[in-house]
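[1] curious how this folds, go ahead:
(2 chains, ligands or ions: 2)
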Protein chains: 2
Amino acid sequence: MKMSDGVEQAIHSVAMMAGLQPDGVLSASALAEFHGVSTSYLLKHLQALSGAGLLTTKPGPTGGYRLAHSPNDITLLDIVLAVEGTAPAFRCSEIRQRGPSPLPGKPTAPCGINAAMLRAERVYRDELAKVSIADVLGDLRAKDTDGAIAARGCAFLELNERRRNAN
Amino acid sequence: MKMSDGVEQAIHSVAMMAGLQPDGVLSASALAEFHGVSTSYLLKHLQALSGAGLLTTKPGPTGGYRLAHSPNDITLLDIVLAVEGTAPAFRCSEIRQRGPSPLPGKPTAPCGINAAMLRAERVYRDELAKVSIADVLGDLRAKDTDGAIAARGCAFLELNERRRNAN
Ligand code: FES
Ligand code: FES
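    Ligands and ions are numbered 1, 2, ... in the order given. Presented below is the predicted three-dimensional model:
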């Protein structure tokens, strides 16, 4: 089971957007170049984040993306579900109702195996829901003893932030 | 993110094998037919379970598979890792070190985003590790008020169990 690479790209992009001014946006191509990934691929994920209501879009050639909510209100779970879809990783195909001697009648209770797999998915999601982008940034800052991470982000924003009132 | 269908097949197959006599085995084709899935596909998963030390194999035309351990000692996590591989779902590609201005120097600490994603994977795995095949069977029995599940399993084993001393 492998999550798409898009999740890492999306979380890092959202963390970068948390540093924008209230009227600033970032283009998909600037974010893609910064992260060394393909613009078309990143664009797909930014659109998914947008579709899930996590980003807002400023259209047009000087447009781009910014967070739709405070970094406190965007969690890792929000981003994972936006990029990967909301279906659970384990999908019961009701195998007990297949084959030449399926379980007779319509089962009333879900299969216990499915229930156990979904319980694990629940704790996984709960854990991701506990971590906001604000937490991630706080953690980055705490580890950034020489300021290299902050300097890299600031240099990028300095060069690439598009302010709404600048066009 | 989607787990392979093989996980459902593997867990149900292992649960069925828990009903074998101490000297009994089941063939991949019997298990595949019972579950209405392709033998070659199921075989791949049974071999993965075998490779992970969860099943033992009796070779030959009258051979088959049986559990290598007590149903108390085989967990859902064991089966998921055998079928899906042991790598975590989220795989950090060190995106922070890519692009035209990578983070300078070799990072000493793992990225906080990666650390948070791996913490969630940890609780997921811990949850799956809590559930043994014996638990799954106990749960099935508790819900099997009319005995239909047990009857279906017994009929299958009656017909398909291969006893070691029977050849
Ligand atoms: S029938 Fe799907 S997990 Fe049991
Ligand atoms: S560099 Fe991989 S998750 Fe941050």
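[2] ok now do the residue of chain A found nearest ligand 2, which residues does it touch?
    Nearest to ligand 2 in chain A, going by Cβ to the nearest ligand atom, is A:Glu8, at a distance of 4.8 Å. Every C-beta, even on glycine, is put in place using the N, C-alpha and C of the backbone. Residues near A:Glu8 by Cβ atoms under 8 Å, 6 or more residues apart in numbering or on different chains: B:Phe90, B:Arg91, B:Cys92, B:Ser93, B:Ile95, B:Ile113, B:Asn114.
[3] per-residue confidence for the fifth one?
    Okay, so that is B:Ile95. According to the prediction, B:Ile95 has pLDDT 94.
[4] can you check the first one too?
    B:Phe90 carries a pLDDT value of 97.
[5] neighbours around it, how many?
    Number of residues near B:Phe90 (other Cβ atoms under 10 Å in any protein chain shown) recorded here: 23.
[6] same deal with the last one?
    Neighbour count for B:Asn114, taken as other Cβ under 10 Å: 20.
[7] does it touch B:Phe90 like I think?
    Yes: if you go by Cβ atoms under 8 Å, B:Asn114 and B:Phe90 touch, sitting 7.2 Å apart.
[8] my guess is A:Glu94 contacts A:Lys106. True?
    No: the criterion here is Cβ under 8 Å, and A:Glu94 misses it with A:Lys106 at 10.2 Å.
[9] which one's more surrounded, these two?
    The neighbour comparison of A:Glu94 against A:Lys106 (other Cβ under 10 Å) goes to A:Glu94, with 13 against 6.
[10] contact residues of chain A facing ligand 2?
    Residues of chain A lying close to ligand 2 by Cβ under 6 Å from any ligand atom are A:Glu8, A:His12.
[11] what's the neighbour count on the closest residue to A:Arg98 other than its chain neighbours?
    Closest residue to A:Arg98 apart from its sequence neighbours, by Cβ to Cβ, 6 or more residues apart in numbering or on different chains: B:Gly36 at 3.3 Å. Counted with other Cβ under 10 Å, the neighbours of B:Gly36 add up to 15.
[12] now do the one 3 residues further on
    Residues near B:Thr39, counting by other Cβ under 10 Å, number 15.
[13] hmm, B:His45 and it touching each other?
    No: in this structure B:Thr39 lies outside contact range of B:His45 using Cβ under 8 Å: 10.9 Å.
[14] check contacts around the spatially most central residue of chain A.
    The C-alpha lying nearest the average C-alpha coordinate of chain A belongs to A:Ile79 (Cα atoms, centre = their mean; 2.2 Å). Listed by Cβ under 8 Å, 6+ apart, the contact partners of A:Ile79 are A:Val7, A:Ala10, A:Ile11, A:Val14, A:Leu49, A:Leu54.
[15] tell me which of these fall in strands.
    The strands in this structure, assigned by DSSP state E, contain none of the contacts of A:Ile79.
[16] can I get those in JSON lines including pLDDT, distance to B:Ala30 and neighbour count?
    Below are the contacts of A:Ile79 laid out as JSON lines (pLDDT from 0 to 100; distance: Cβ to Cβ, whole Å; neighbours: other Cβ atoms under 10 Å in any protein chain shown):
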{"residue": "A:Val7", "pLDDT": "98", "distance to B:Ala30": "40", "neighbour count": "23"}
{"residue": "A:Ala10", "pLDDT": "98", "distance to B:Ala30": "45", "neighbour count": "26"}
{"residue": "A:Ile11", "pLDDT": "98", "distance to B:Ala30": "46", "neighbour count": "27"}
{"residue": "A:Val14", "pLDDT": "98", "distance to B:Ala30": "50", "neighbour count": "26"}
{"residue": "A:Leu49", "pLDDT": "98", "distance to B:Ala30": "48", "neighbour count": "25"}
{"residue": "A:Leu54", "pLDDT": "98", "distance to B:Ala30": "49", "neighbour count": "24"}
